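**Q** any chance you can model this:
(2 chains)
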Amino acid sequence: MLDNLNLLIQAPLLNVQLLLDGLLIGAIFALAAYGLALVWGVMNVKNLAQGDFVIMGGYVATTFAHNDIHPFYALPAAIVLMFGFGWLVYVFIIRRVIGKDMFVSLLATFGLALVLQQALNLIFGSDVQTAEAGYKTRFFFGGQVTVADTKFIALVLAGVLAACVVLFMKKSRMGKAIRATAQDARAARVLGVNTDRVYAFTFALNSAICGAAGVLVAMIWVIQPYYGIVHSIRSFIIVVFAGLGNLPGVIFGALFLGSAEQFSAFVFGAEFQVAAVVCILVLVLVYRQIQYARHRRVVE
Amino acid sequence: MKSVVIALYVLIVIAGIAAPQIFPNYTFQVAVLWMMILFALTWDIMGGQMGYNSLGNIFFFGAGMYISAVVQIAQFAPVGEYTASFGAYQVEFTNAQYYTGLALGIIAAAIGAVIFAVLLGSCVFGLRGPYFAIGTLGIALAAAELVGGWGWIGGGGGISMPVFPGGPDVRSKFFYYICFALAITTFGFLRWLYTTRFGLAINAIRDNESKAEAMGLHTRRYKTVAWSIAAFFLGMVGAVFGNMVGFIEPLEVAFPTITFGIFMVAMSLLGGKGTLWGPVIGATLFHVIKELTWTYLLGWQWVALGAIIVVNVVYFQQGILGWAMERWPEKFGVVVEPVPGGARAAGQAQEAAR
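**A** Numbering: from 1, shown residues only, chains lettered A, B, ... in the order given. Here you go, the predicted model:
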């Protein structure tokens, strides 16, 4: 562990490499976290199946890649498929847990996550898979820092997708309806917004965003049926860290988490990467709690 | 009514004692059933009676298992060498050595789990609602990963537990009766606990925590004690289960968050949370369903179990006992009187029925 730290100090370019990797991956975490914050904010449902939606999107990409279709084309396919899937999940599960005790949505989606992860395991097998995009790798500083072109493309795509979603929320009629429902569902209903449709659309949009993120994850990283829960936890860390309705916070949190993960995986060893993610979660929650305690003291 | 209940208790105890004689092939399964009942009961202290839904109670199970393993081994062998050899380092235990080791291990597991509950409680009890659930889930997942990377206690490779000094038949019966005794003790203890002031206090925390605090209840102390009670029993049963299966390992045996960890929640909800008998009924039914799906739906059993959880949570939230209470309130001692103050009397009767 100390040797690795020493290595980081003696070879500063390694830091650049880790930071770049972290930021490029963090950009994709931001997508899924944004979807989680959207659903959380609009319908007060905490979706623990978020990561499994990501993995499902990833399997669309690997299926394309195995059939010799460029995984790039999987992006629209995953968006459409996951949009439909999200709508179905809403109709059968989420509709019935809105407005109930908050733990109910957490547990229902956790059950859903179990079903999805096991179904994926049975369909695709438990091997680690990746969707090879076939792009070159660029070398900087005489080969000490390497960045695959795929990662750049994924970054750009993630940015474009995020911009589209934000623009959609700001400008379109549905986006306005979603924001109105988030502010006050009852008032929105009085003013003629079909909130049930809005909820369904929000959830479907979230799962489409996750699907797109999954395609990108499969292109630049690896997917496996059981990785879903870690992606869910990442989204939770980012949203809890940023708070609801804080887009810059989500982006910053995601980039920070991505790099923190890369550094801890390097320093403590790759087998501790998941542990690092979960420990960051506990730390973020404790930080929230301290803030809450301070707020309570001020109120008193 | 009272005599019926007493007869029921006697029947259950007789059935529990006789089970390994009647179904000698299923001793392990029935022992696991008692363990499941204990899981559901201990989860319900926090989740049902106090309204704090923990997804990470399985942490204490695993912690107890590892503490007991280390205590049992450390008495007679260097732990690091023992775990590094993956079962090749055999220690010949005499009967007395094995049983005292096991007893010390179980006691240490219970104490250790309580200490963990107090320490972790100070970290997470400020969290409310879903944050608490996620935070505790995080603790359980983190524990599995951290233990998996800790070489001194075997890491991901696990530990082979000391070998039981007796035949396989004696061994399975021995651990069966420990599990049975633990489950019965837990039930009796909780039955008494829920009738005391402590039971009322944790119910008050569930109904409205801020109000309970304003009424002068030291809520944090109650929360810590409630979690410690759950941890105490879970730690002990963890120690016993580790010895019962004979081999422990962090992901599947000690900290199985997505199996036992989520089962304990599902079982309480299935039976009806916040009741004394609900977790027992739920655990029994769930275990039977689990074994049936294992037998007849092999390969898809996890999908089936996840679907049961979803359907239960989404469509059948009140659970079996909660549903029965709604359907036949008079059977549970709820008297509906159309006079002023009737609602209050009914509420009191309901409290008494709990």
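
**Q** pretty sure B:Lys290 contacts B:Leu305?
**A** Yes - between B:Lys290 and B:Leu305 there is a contact at 6.5 Å, judged by CB atoms under 8 Å. Quick note: C-beta positions are derived from backbone N, CA and C, even for glycine.

**Q** so who does B:Phe132 touch?
**A** B:52-54, B:124-125 (CB atoms under 8 Å, 6 or more residues apart in numbering or on different chains).

**Q** please read the previous query as pertaining to A:Ala275.
**A** Residues counted as contacts of A:Ala275 (CB under 8 Å, 6+ apart) are A:268, B:142, B:145-146, B:148-149.

**Q** only the buried subset of those residues, as a PyMOL command please.
**A** To isolate the buried members of those in PyMOL, using 16 or more other CB atoms under 10 Å in any protein chain shown:
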select buried, (chain A and resi 268) or (chain B and resi 142+145+146+148)
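
**Q** quick check, nearest of the contacts of A:Ala275 to A:Arg186?
**A** The shortest gap between A:Arg186 and any of the contacts of A:Ala275 belongs to B:Ala142, at 40.1 Å (CB to CB).

**Q** ramachandran coordinates for that closest one?
**A** Here is the backbone geometry of B:Ala142 (degrees, to the nearest 10): phi -60, psi -40.

**Q** pull up the per-residue confidence for B:Ile178.
**A** B:Ile178 is assigned 92 on the pLDDT scale.

**Q** tell me which element it falls in.
**A** Secondary structure from DSSP states H and E places B:Ile178 in helix B:168-193.

**Q** now do that helix: distance to the chain's middle.
**A** 12 Å (CA atoms, centre = their mean, to the nearest Å).

**Q** on contacts alone, who are the packing partners of it?
**A** helix B:2-22, helix B:27-44, helix B:219-245 (3 or more CB pairs under 8 Å, 6 or more residues apart in numbering or on different chains; DSSP states H and E).

**Q** where among the ones you listed is average confidence lowest?
**A** The minimum mean pLDDT among these belongs to helix B:2-22 (a mean of 86).

**Q** tell me which residues in that one are buried?
**A** Neighbour-count burial for helix B:2-22, counted by 16+ other CB under 10 Å, picks out B:16, B:19-20.

**Q** how about the residues of the stretch 151-300 of chain B near chain A?
**A** Applying CB under 8 Å from any CB of the partner chain, one finds that the stretch 151-300 of chain B approaches chain A through B:156, B:258, B:262, B:265-266, B:269, B:299-300.

**Q** any idea which residue sits dead centre in the chain?
**A** Going with chain A. Against the mean C-alpha coordinate of chain A, by CA atoms, centre = their mean, the closest residue is A:Ala32 at 2.3 Å.

**Q** chain B is the one I meant
**A** Closest to where the C-alpha atoms of chain B average out (CA atoms, centre = their mean) is B:Phe39, at 1.8 Å.

**Q** show me what contacts A:Leu88?
**A** By CB under 8 Å, 6+ apart, no residues touch A:Leu88.
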